[in-house]
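> this one's structure only:
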């Protein structure tokens with residue numbers, strides 16, 4: 001039997017994940033280009049670096065919420081560790097934020 005658990009996530013939590021992903025040299029910079037980043041709003045446009053004609057994808061709080069949801073459904077060795085780590089600390093580091101952003105905007109963990 002499985003149960004569904006609901007967790008409240010503040011806008012500040014979501015913006016902190018975006019900030020960690022975008023501003024750290026250990027975040028998404030190795031696979032993504034970033035433009036129009038607004039840390040106060042928690043928004044940016046990103047696209048995959050090495051994909052010819054990759055579309056610009058919206059990174060915002062809704063994308064991070066999707067990423068947390070998808071990440072929470074994954075086994076630890078397939079990226080789910082990032083959700084568990086975020087849940088434990090409600091803070092996190094750039095690699096954790098990177099995983100969550102990948103799930104949120106790409107729908108899967110493609111890099112790293």
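Right, received. Where do you want to start? Since this is a predicted model, take the numbers as computed values, not measurements.
> Please report the distance of residue 72 from residue 37.
Per Cβ to Cβ, to the nearest Å, residue 72 is found 26 Å from residue 37. Where you see a C-beta, it was placed from the backbone N, CA and C, and this is true even at glycine.
> Show me which residues of the least confident helix or strand in the chain by mean pLDDT are buried.
Within the chain, no helix or strand scores below helix 81-89, which has a mean of 87 by mean pLDDT, DSSP states H and E. Of the residues in helix 81-89, 81, 82, 83, 85, 86 count as buried by neighbour count, 16 or more other Cβ atoms under 10 Å.
> Among those, which one lies nearest to residue 51?
Of all the buried residues of helix 81-89, residue 82 has the smallest distance to residue 51: 22.3 Å, by Cβ to Cβ.
> contacting residues around the nearest residue to the closest one once chain neighbours are set aside?
Excluding the flanking residues, the one nearest residue 82 by Cβ to Cβ, 6 or more residues apart in numbering is residue 99, at 3.7 Å. By Cβ atoms under 8 Å, 6 or more residues apart in numbering, the contact set of residue 99 is 67, 71, 79, 81, 82, 109, 112.
> The helix or strand harbouring residue 20 packs against which elements?
Residue 20 belongs to helix 11-23 when elements are defined using DSSP states H and E. With contacts defined as 3 or more Cβ pairs under 8 Å, 6 or more residues apart in numbering; DSSP states H and E, helix 11-23 has these neighbours: strand 43-48, strand 57-59, helix 61-72, helix 94-106.
> if we go to 6 Å?
Contact analysis of helix 11-23 by 3 or more Cβ pairs under 6 Å, 6 or more residues apart in numbering; DSSP states H and E lists helix 61-72, helix 94-106 as its packing neighbours.
> Between those, which one is closest to residue 43.
Nearest to residue 43 among those is helix 61-72; the distance by Cβ to Cβ comes to 8.1 Å.
> and the angle for that closest one with helix 11-23?
Angle of helix 61-72 versus helix 11-23, following axes from the mean of the first three to the mean of the last three Cα atoms, to 10 degrees, is 90 degrees.
> now helix 61-72: how far from the chain's centre is it?
For helix 61-72, the separation from the chain centroid amounts to 7 Å (computed by Cα atoms, centre = their mean, to the nearest Å).
> Many thanks, we can stop here.
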